[in-house]
Structures are given as structure tokens and as C-alpha cells.
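[1] Got a predicted structure here, sequence first:
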Amino acid sequence: MEGNLNLTLKIWRQKNASVAGKFETYQVSGISTDMSFLEMIDVLNNRLIEEGDDPVAFDHDCREGICGMCSMYINGRPHGPNRGVTTCQLHMRSFQDGETITVEPWRASAFPVIKDLVVNRSAFDRIIAAGGFVSINTGNAQDANSLPIPKEDADDAFAAAACIGCGACVAACKNASAMLFTSAKISQLALLPQGKVEASKRAEAMVAQMDEEGFGACSNTGACEAECPKGISLENIARMNREYFSATFSSK
Amino acid sequence: MSWLTKSLNSSLGKKLLMAITGLFLISFLLVHCSLNALIFLNDGGVAFNEGAEFMAHNPVIRTMEIVLFAGLLLHIVDGLRLWFENKSKRPVAYAKVDGAANSKWYSRSMGLLGTLLLLFLILHLKHFWYFSRLTDGLEDHTLFAEMQAVFMNPVVVVVYVLGCISLGYHLLHGFQSAFQSIGWNHPKYSPTIKTIGAIFSIVIPAAFAAMPIAFYFHLIH
Ligand code: HEM
Ligand code: SF4
Ligand code: FES
């Protein structure tokens, strides 16, 4: 069809965690520019299934930019060429007819490949389980105005809570560091009165778990912030540093 | 004190150490550059030699020299440790990386820039620190005269200029990065910190680089 795209795809194929993977090259044609990137992969997969081949395994769920599952490293960037979007929100109009597109899984020792483009991100779950919660008794839901919270703090906490745990920050970082994710999860609680109570314990436990999982340190390159689909700010990492170092001296 | 070593050995603590030692080295650069800039008075090195003489005999300065070496060593050891540890976190490399799309090349190359700086520093210490502290060369002629002699060699001049360029880029990222590492990111201060950092990273290395160039072209007598 007129205006549709013919593309060459170089996709990472890997049977499972214990065997080596390699790139396979596929041609797809007649791709509508209105398709999302995942729908384009669906087209390829339908064909592979019809031909009796193994379809490309990839993570996806909501397909509306809120679940954080659709991890793909496209042409050298997490979630492809556009800022502020996940792969499911990336549309084929961002590509040129005849282009070769390289698709890889997130690369980090803390995110081992399960199959093809699917990686195991349960390291994030363990960081949350280490302290990303409030365990004090906060009582019944109160009148909204009975807890005085400055508007700026509420806004910052909400902005940090927008993190969908996609792992693009780890994928983008040259050190495979999880600072942006961990700092967002620490910040969203540390900024609010219910979360403040356990702030030092939380900062210490979550940072320790993050290191334990094998994520790298932060070189402050800012790649994570630039590639984060939810615009999580580097200010959160500075806040985590403050929380952590003050916990070093004050925690019991 | 195990709580302190545990914190300093965490990924955050290692960066805190980089930031504190880095900022300390920055303060040293300011003193070193100001003193050396006395050569630009073009008074035959009189003021510069007096300054160097004072630095060599003042007990506070001599003590700080030890602290400086300790700080530099910590910065280097911790920096190389971070560099190699961070590299190991991505055992399978990406086939295609578009780094320019999300960060500055020099922010991703601090280990390389630091190593170039280290190589330069070894040569630099050999030229002047070794000469003035560990030989009796100063009985023969002044430090200023030694600078004049060393910078007659064009290869040395080029190496020094390259060293200053590495320093400039190391600081262009490092200066503001150190404040982020200690947790100082605030809308009131961060823009000023970034501006001062950029000016410092250009002016100080440029002033340093001008010294061997000026000697080589006999602009200073
Ligand atoms: C006068 C000399 C030097 C100065 C003023 C200086 C200053 C700095 C500063 C301010 C930082 C930023 C710290 C942070 O991000 O928190 C830094 C980072 C760094 N420096 Fe230096 N530095 C110097 C020499 C060296 C040398 C000789 C090395 C040798 C290996 C080195 C290796 C590094 C590394 C690897 C980092 C980045 C660490 C990371 O972010 O992962 N530096 N430096
Ligand atoms: S901080 Fe951003 S990039 Fe990292 S996991 Fe959260 S949403 Fe994804
Ligand atoms: S599939 Fe849910 S964010 Fe992309």
C-alpha cells in the first residue's frame, strides 16, 4: 500500500537463559505507519507462526504505556527513538521506509534474558520488597485535610510515583544502574508523612538490596532521566543520596 | 564503625568518596593555578619563585601536601574500582548504542579521562615535584628556570596541553556531578553550580595550558 513501510529487522533471538543468543534478520513489508511497534512485531510473529517458526518472545501487557512490560532496546535506545514513550506507544511513523531496525533485550547482569527479548526483572520486585512500603499503623482513612502536606511535596511524591518499573533507566545506563528506579520508589514514600517514619530504614534496606542484585553505581550521566518514559527526575537520586547518608549517621 | 565502612562501600558511598575527594582536588587546582599564574607577571619569575619558596617551607602547606596525595590516591583507587565494577554490570554488550541521544560523551568517559589525567600527572610530578622535593636541583637554579627548560621540548608542551584538555572535560562533568553525588540538587542552587562548574572547567585548564605554550614561544622570560 502507498505510504506503508518495508523494513529489515535485526532481532536478538535466544532460546533460554543458559544458551547463547544471536541476531536473526527478518523482512517485513506493508507496515502501516499507524501501527505501534508491538503491532509490527505481531505482524512478523503471525507470519512466523504460519511458517511453523518460533515467534519472537517479548513482554507486553497494557499496550497503553502504563504497565512497563514492553522492554525493547531499539536502534541503540530503550523504547526506541522518541522520548517519553514506552515501546507500545512508539508508532511506526517514527521510522523510514527501507530502514534496518536493531532490536535487543535490556542488557544487565541483574536482568538475565529469559527468552529472546524477555528479561527477568524480578530484581526490581526484591528491591521493593526490601523496604518500598509503609508498615506502620496509619489508622483508618482520615479526612483529606487532617494531614498537612505541602502542595510541592505532594506533587514531587506523585511525580516519583509515576515510575512504572519498566527498567529503561537500567537499560540506558552505561553502568546498568537502578538508581533512578530505586530513588523514585524511596522518594514517593519519603516525601509523605506516612512514609517519613520509616525513611532511614527504608533507604538503607532498598539501597543494600539494589547493590546485592548487581546493579551498577551512578555516574550521573543523566541517560536514565532522558530515556525514562515517565520523566522521573534526577532530583530523586539526589534525594536518595541525602536519605541514605543521613540514615548512615542517624539510623539505629 | 562497621556501619560507616558499610555505607562507604555501598554504590552510593563509593560515589560520595569520589565527590568529596574530587571537590578537594578542585580546591587544590584553584590554589595551584593561582600561584602558577604569577609567571604571567613576566618579572623573570621573581614573584613565582617567592611563592614556590613559601609553599615549600610553610608547615601547613607541607601537611596539606600529604593530605593532597592521600586524597588523590583515594580518588584514583576508588575511581578505577568504580570503573571496572560498573563495566562488569553489563556482561553482554549491546550491538548498537546511541549514547549521544541521552548523554554527553565526556560524562560516559570519566574513567578514560581520569586515566589520561593520571598518566599526565605521573609525568608532571616527575618534572616538578620530584625535581624540587627529592633532588637538590633547586640549589643550582630556580623552579622558574626549570619550567623554562622543561617547556623547550615541543613534545612535552603537546602532552601538557592534552593533559589540560582531559582535565577540562573531566571537570565539565565532574564539577556539577560531585554536588549531585553528595545529594545537593536544588532548583535554587543547581543552575549556579552548573554555571560556575562550566566556567571553572574552561578557565582553569586554559590557564594551565597557556603556561607551557607561553614558555615555548618565549612569551615569558
Ligand atoms: C586534579 C585531578 C582531578 C580532579 C580535580 C578530579 C575531579 C573529579 C570530580 C569532581 C569528579 C566527580 C565526582 C562525582 O561524580 O561525584 C570526578 C570523577 C571521577 N574521577 Fe576524577 N579528578 C581528578 C583526577 C582523576 C584521576 C587521576 C583519575 C584516575 C583514575 C580520576 C578518575 C575519576 C573517575 C573514574 C570518576 C567518575 C566516577 C564515576 O562517576 O563513576 N580522576 N573526578
Ligand atoms: S524510573 Fe523511569 S525508566 Fe526507570 S523503571 Fe521507573 S519509569 Fe522506567
Ligand atoms: S505494554 Fe504496558 S507499557 Fe507498554
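    Ah, there it is. Ligands and ions are numbered 1, 2, ... in the order given.

[2] Can you show me the helices along chain B?
    According to DSSP state H, chain B carries its helices in the segments B:2-8, B:11-36, B:46-57, B:59-87, B:110-124, B:143-150, B:154-181, B:190-216.

[3] Make a markdown table out of these and add mean neighbour count and mean pLDDT.
    Bear in mind the C-beta positions are built from the backbone N, C-alpha and C, glycine included. Formatted as a markdown table, these follow (neighbours: other Cβ atoms under 10 Å in any protein chain shown; pLDDT from 0 to 100):
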| stretch | mean neighbour count | mean pLDDT |
| --- | --- | --- |
| helix B:2-8 | 12 | 94 |
| helix B:11-36 | 18 | 98 |
| helix B:46-57 | 15 | 93 |
| helix B:59-87 | 15 | 97 |
| helix B:110-124 | 17 | 98 |
| helix B:143-150 | 18 | 95 |
| helix B:154-181 | 20 | 98 |
| helix B:190-216 | 16 | 98 |
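
[4] Let's verify the closest residue in space to A:Cys224 that isn't next to it in sequence: helix, strand, or coil?
    Closest residue to A:Cys224 apart from its sequence neighbours, by Cβ to Cβ, 6 or more residues apart in numbering or on different chains: A:Cys169 at 3.6 Å. Recorded secondary structure, A:Cys169: helix (DSSP: H, G, I helix; E, B strand; the rest coil).

[5] do A:Asp97 as well
    Once three-state DSSP is applied, A:Asp97 turns out coil.

[6] Could you measure from it over to A:Gln27?
    13 Å (Cβ to Cβ, to the nearest Å).

[7] cool, A:Asn140 as well?
    Computed as Cβ to Cβ, the A:Asn140 to A:Gln27 distance reads 61 Å.

[8] Between those two, point out the one with more neighbours.
    Set A:Asn140 next to A:Gln27 and count neighbours by other Cβ atoms under 10 Å in any protein chain shown: A:Gln27 wins out with 10 against 4.

[9] Dihedrals phi and psi, that one?
    phi -110, psi 140 (degrees, to the nearest 10).

[10] From the centre of chain B, point out the most distant residue.
    Computed with Cα atoms, centre = their mean, the residue of chain B farthest from its C-alpha average is B:Ala95, at 34.2 Å.

[11] Report the contact partners of that one.
    By Cβ atoms under 8 Å, 6 or more residues apart in numbering or on different chains, the contact list for B:Ala95 reads A:10, A:12, A:23, A:102, A:104.

[12] so what's the residue of chain B found nearest ligand 2 scoring on pLDDT?
    Nearest residue of chain B to ligand 2, counting by Cβ to the nearest ligand atom: B:Asn102, 11.3 Å away. B:Asn102 carries a pLDDT value of 98.

[13] A:Ala141 too?
    83.

[14] helix, strand or coil for it?
    coil.

[15] Give the phi and psi angles for it, as a check.
    Taking degrees, to the nearest 10 as the convention, A:Ala141 sits at phi -60, psi 130.

[16] same question, the one 5 residues further on
    Recorded main-chain torsions at A:Ser146 are phi -80, psi -20, according to degrees, to the nearest 10.

[17] Tell me, how many residues neighbour it?
    Neighbour tally, A:Ser146, other Cβ under 10 Å: 6.

[18] What residues does it make contact with?
    With Cβ under 8 Å, 6+ apart, A:Ser146 has no contacts at all.

[19] got it, and B:Ile26?
    By Cβ under 8 Å, 6+ apart, the residues touching B:Ile26 are B:171, B:175, B:178, B:200.

[20] and those residues, which two are the farthest apart?
    B:Ala178 and B:Phe200 (11.6 Å; Cβ to Cβ).

[21] Which one, of the helices of chain B, ends up nearest to A:Asp42?
    helix B:59-87 (36.3 Å).

[22] Distance check, A:Ala160 against A:Ser32.
    On the measure of Cβ to Cβ, A:Ala160 and A:Ser32 end up 37 Å apart.

[23] higher neighbour count, those two?
    A:Ala160 (23 against 15).

[24] and that one, what element?
    Using DSSP states H and E, A:Ala160 sits in helix A:151-161.

[25] is chain B contacted by that helix?
    No - judged by Cβ under 8 Å from any Cβ of the partner chain, helix A:151-161 stays clear of chain B, getting no closer than 10.3 Å.
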